[in-house]
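this one's structure only:
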């Protein structure tokens, strides 16, 4: 190998070693958002409303009068206060928000299941899945 070839090989090797990867991989697991609404408390509390009640329950609360809303929230706060000391701790509130989100996920799964189980036998065959998802005729 001649000197110019050696220098070229060496410089290409250094270039490869010192270059940064072009694809950035996010290795951190992020929790799903609690709501699809913008989280800006200066504008409104819709995000918090969805996170606290769950999206479906929040829609119901939007239709209530202030008196009805206050009464229902009082009942919910009683459920959140697990140790029944009259106060809601941060942990109790976190547990409630997780519960509300899981409830929404389970309800959504149930709704999806019913939509795909076309013959209502409790099982989803590949044919049923294709038909419900892509519109194939059985």
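Yep, it's here. Note that the structure is predicted; figures quoted are calculated from it, not measured. Residues are numbered from 1 along each chain as shown.

Can you name the element that comes right after the worst-scoring helix or strand of the chain on mean pLDDT?
Counting by mean pLDDT, DSSP states H and E, the chain has its least confident helix or strand at helix 3-18, which shows a mean of 74. Per DSSP states H and E, the first helix or strand lying C-terminal to helix 3-18 is helix 46-53.

What is that next one packed up against?
In terms of contacts (3 or more Cβ pairs under 8 Å, 6 or more residues apart in numbering; DSSP states H and E), helix 46-53 is packed against helix 55-62, helix 90-116. The way it works is simple: take the backbone N, C-alpha and C, and place the C-beta from them, glycine included.

switch the cut-off to 10 Å
On a contact count with 3 or more Cβ pairs under 10 Å, 6 or more residues apart in numbering; DSSP states H and E, helix 46-53 meets helix 55-62, helix 66-80, helix 90-116.

In CSV, list those helices along with distance to residue 38.
Listed next are the helices and strands packed on helix 46-53 as CSV, based on distance: least, Cβ to Cβ, whole Å:
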stretch, distance to residue 38
helix 55-62, 14
helix 66-80, 22
helix 90-116, 18
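
and among the ones you listed, the most buried is which?
Burial of the helices and strands packed on helix 46-53 is given as mean neighbour count (mean count of other Cβ atoms under 10 Å); helix 55-62 ranks first at a mean of 15.

Give me the contacts around it.
34-37, 46-54, 68-69, 72-73, 76, 100-101, 103-104, 107-108 (Cβ atoms under 10 Å, 6 or more residues apart in numbering).

on that earlier part again, and the helices and strands packed on helix 46-53 as TSV, adding mean pLDDT and distance to residue 124?
Below are the helices and strands packed on helix 46-53 laid out as TSV (pLDDT from 0 to 100; distance: least, Cβ to Cβ, whole Å):
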stretch	mean pLDDT	distance to residue 124
helix 55-62	78	24
helix 66-80	87	34
helix 90-116	88	5
